[in-house]
Every structure is written in structure tokens, then in C-alpha cells.
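Undergrad: Next input, structure requested:
(one chain, ligands or ions: 1)
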Amino acid sequence: MERYHVIIVGGGPSGLSCAIWLTKLGVNSLLLEASGILGGLQTRSPYENLWIPGVQGKTGQEVAASIAGHAVDVGAELRVGRPVLAVTRDGDGFRVTTSEGDVHGRFVVIATGSTPRTGGFTPSETVAIGPGEPMEALDVEGRAVAILGGGDNAFDQARFVRDRGGRVTVFSRGVPRAQKLLQDLVPGIPVNVGAYDARQSDMTVNGRHFHCFGIQYGFEAVVPAGLDLKRRDGYVEVDRFGETNVANVFACGEVTDFWHPCVTTSAAHGVQVAKQIAKRL
Ligand SMILES: Cc1cc2nc3c(=O)[nH]c(=O)nc-3n(C[C@H](O)[C@H](O)[C@H](O)COP(=O)(O)OP(=O)(O)OC[C@H]3O[C@@H](n4cnc5c(N)ncnc54)[C@H](O)[C@@H]3O)c2cc1C
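TA: Coordinates of the predicted model:
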């Protein structure tokens, strides 16, 4: 079994930032990413990212490529297409099980982020789950589109669909939670508040037919199996250094309950964890 000081699970902004810092600090580490591409949720975003101090004029996808390129340039050891199936205790550290065999780390960093809630819907040509690329892939021009959800992403995506010529209706079970600013950007769009019956089988909401659904039910943490990590609302609880209730298992970025989720805080959290582990070694 290959042995490392640190195994990082997840190659989004938090895991990659952790890998960059560990590598520069001379710590032997390996990052495992489940998908075929590095950059995490930013790879879903074709929109300009206006929120990273000092970074301007880049889409989310360009930000993803830039962080991944930085990790490659510093010589971080990165493997894509390696979903971690389980993390279990093993001797003085942890066994990390992947589809391609096991690796051993004295420390483990859980940087597995979050994923859009499906609400029981299945992604298809006419049903997009979560914001970004899947929504942009829908053919909406001149078509009736139901956005299900009442948060920021629901209203953001309602605006994008309207701008692409779609006829949007928003369905929100409760009073919409979206910022007023975002709601004000889609004046005149019908917003139905209250319980609704949405059926993918015949693409209806309350009996009315729609060509497309955009499911915007927020996000939930993605946590690999095997460790009994303490959670709050599904997110991994960590202390101010990023350590979980299991000694030597750290977590950073959107999988935690720590900071407002965005690229800057996720990256900063990865840095904090890297520094803390380097100090311990
Ligand atoms: C459409 C969209 C637009 C956004 N726009 C902005 C913006 O403009 N500005 C901003 O600051 N933020 C934006 N965000 C939020 C930002 O992308 C996230 O806050 C950030 O990516 C979180 O980083 P992370 O590394 O914690 O998690 P993630 O980005 O979720 O990365 C986690 C990674 O872990 C991998 N993984 C999960 N499970 C496993 C496993 N078992 N084994 C191996 N790998 C695993 C996943 O495949 C993923 O690559 C946007 C998000 C979306 C969806």
C-alpha cells in the first residue's frame, strides 16, 4: 500500500488549496478526486466569478482551471477519476479505499464539498438539478420552464432562463428566502407560493405542463463512508483548525459547517488545514 503523510479527498478549491500549501511546505501528500476534472463546483459555472478578491474577468470554469493549474505547477500529486469509497482507521493512520486500490495516510483531509439536492428528481434533457451547466444545457427558448425552489439560486436561474427567452414560473413551498435584490431582478415573473405537486413522469406542476424543470433545492454535504464524523445539519463539524471529532482527520471547505460557502473561504480553509497538519508533523 502506498503511504503518505496526508491524503486529501476531493479536488475542489479547498482540497486543491490544501494540496498546494502542503506541497510547498514539503509535506508528502496525495489528492484523490472522484470526477474526471479538478475544480469542484466551479467546473459547473460558466458565469463570471465576481467574488474572489484580486481575481477579475474569469468564469468559474476558468477559476477551476487556474487553481488546478497552480497545483500541477507546484508539483502536487493529484489523481482524478479516483472516488474514495471509504476511510477507515489503520495502524498509526487511515486506510483510504478507492476503486483502484487502497492508500495509507497518517492524516486525512475531507474536502468533498457539497452537491445539489435532487428532491427525488432525475437529471435528464429536460430536468436540470442545481445551478450552472445543467441549467445552461436546457433548451429553454420559447418554452415553459418551472423553477422549483425559493432560494438565491432559484431566482438567479429564473433570470438566466428569462434572458435566454424561456417562459419562467417559480414554485416555492414557502415565502421565498432569496435575497430581495435577486427577486427584484425578475419583476413580473410569476411566483407561486405554497405546496405544489411536481411530476417528472408527465412534466407537470399542479397539473400544468412544462417543457423543462430547474430543480433548485439547495445543496447537501458529501461525506465519504467509514468514519463516524460528528455532523451538524449534515455538514461535518470542525474546530477552528479544521480538525473533526476524529483525531488527525481534518475537513475543509463546503463539506464543513464552518464559513460562508464560496471559493475564497473554501480555499482559505484548505490553507488553514495544511498549515495545521504541517505543524503537527
Ligand atoms: C453554479 C455555481 C456558481 C458558483 N459561483 C460562485 C462564485 O461566483 N463565487 C464563489 O466564490 N463561489 C461560487 N460558487 C461556490 C463555489 O464553487 C464553492 O463554494 C466551492 O467550489 C467549494 O469548494 P470545495 O472545495 O469546498 O467543494 P467542491 O467545489 O464541492 O469540491 C469538492 C470535490 O470533491 C469531490 N468529491 C466528492 N466526493 C468525493 C469522493 N468520495 N472521493 C473523491 N472526491 C470526491 C467532488 O467531485 C468535488 O470535485 C458557485 C457554485 C456553483 C454550483
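Undergrad: can you give me the strands for the stretch 151-281 of the chain?
TA: Using DSSP state E, counting those that start in this stretch, the strands of the stretch 151-281 of the chain run over 167-172, 191-193, 198-199, 204-205, 208-209, 212-215, 219-221, 231-232, 235-236, 249-251.
Undergrad: What parts of the chain come near the ligand?
TA: Residues of the chain lying close to the ligand by Cβ under 6 Å from any ligand atom are 9-15, 32-35, 40-42, 44-45, 49, 51-52, 60, 83-84, 111-114, 131-132, 222, 224, 253-254, 261-264, 266. For every residue, glycine as well, the C-beta is placed using N, CA and C.
Undergrad: So which of those are in strands?
TA: Secondary structure from DSSP state E places 9, 32, 84, 114 of the residues of the chain next to the ligand in strands.
Undergrad: By neighbours, which of those wins?
TA: residue 9 (28 neighbours; other Cβ atoms under 10 Å).
Undergrad: OK, contacts around the closest residue to residue 265 other than its chain neighbours?
TA: If you skip the residues right next to it in sequence, residue 265 has residue 259 as its closest partner in space, 4.1 Å away by Cβ to Cβ, 6 or more residues apart in numbering. Contact partners of residue 259, counting by Cβ atoms under 8 Å, 6 or more residues apart in numbering, are 265, 268, 269.
Undergrad: can the residues you listed go into CSV with extra columns for pLDDT and neighbour count?
TA: Putting the contacts of residue 259 into CSV (pLDDT from 0 to 100; neighbours: other Cβ atoms under 10 Å) gives the following:
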residue, pLDDT, neighbour count
265, 98, 18
268, 98, 17
269, 98, 27
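Undergrad: Skip the chain neighbours and tell me the closest residue to the residue of the chain most remote from its centre.
TA: Using Cα atoms, centre = their mean, the residue of the chain lying farthest from its centre is residue 207. It sits 32.9 Å away. Distances taken as Cβ to Cβ, 6+ apart place residue 197 nearest to residue 207, at 7.7 Å, with adjacent residues excluded.
Undergrad: And residue 194, by the same measure?
TA: The nearest residue in space to residue 194 (Cβ to Cβ, 6+ apart) is residue 173, at 6.9 Å.
Undergrad: my read: the one you found touches residue 198, true?
TA: No. Residue 173 lies out of contact with residue 198 (Cβ atoms under 8 Å); the separation is 10.4 Å.
Undergrad: between those two, who's got more neighbours?
TA: residue 198 (17 against 14).
Undergrad: Who are the packing partners of the longest helix along the chain?
TA: When the chain is parsed with DSSP state H, its longest helix is helix 263-280. Here helix 263-280 touches helix 13-24, strand 101-110, strand 249-251, going by 3 or more Cβ pairs under 8 Å, 6 or more residues apart in numbering; DSSP states H and E.
Undergrad: go again using 10 Å as the cut-off
TA: The contact analysis (3 or more Cβ pairs under 10 Å, 6 or more residues apart in numbering; DSSP states H and E) places helix 263-280 against strand 2-9, helix 13-24, strand 29-32, helix 60-73, strand 101-110, strand 249-251.
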